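Undergrad: Structure here, sequence nowhere to be found:
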């Protein structure tokens, strides 16, 4: 296998983290909407906890995207 193939596989694995974060964000949003529907008076606390969790997941996705871009352009440019 050539080194370009290894770079492509590494970038794909890093980009897979973005897909995992997107799935986790949709799951967390669905659960929070369900929780707010069950207890509307706790909506503020649930919403603030949801926002904190979404920020953490989005940060993970952005870092994974940055790693994928760096793998493609930095390592790919050396070949």
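TA: Yes, it's here. Keep in mind the model is a prediction, meaning the values are calculated, not measured.

Undergrad: got a list of contacts for the lowest-mean-pLDDT helix or strand in the chain?
TA: Ranked by mean pLDDT, DSSP states H and E, the weakest helix or strand in the chain is helix 76-77, scoring a mean of 77. Outside of helix 76-77, the residues within contact range by Cβ atoms under 8 Å, 6 or more residues apart in numbering are 4, 7. C-beta here means a position set from N, CA and C on the backbone, and glycine is covered the same way.

Undergrad: repeat that for 6 Å
TA: The contact list for helix 76-77 (Cβ atoms under 6 Å, 6 or more residues apart in numbering) reads residue 7.

Undergrad: what's the next secondary structure element after the longest helix belonging to the chain?
TA: For the chain, the longest helix by residue count, based on DSSP state H, is helix 3-38. The helix or strand immediately downstream of helix 3-38 is helix 43-70, counting by DSSP states H and E.

Undergrad: Give me the distance from that following helix to the chain's centre.
TA: 7 Å (Cα atoms, centre = their mean, to the nearest Å).

Undergrad: List the buried residues for it?
TA: Within helix 43-70, the residues that qualify as buried by neighbour count (16 or more other Cβ atoms under 10 Å) are 46, 50, 54, 57, 61, 64, 67-68.
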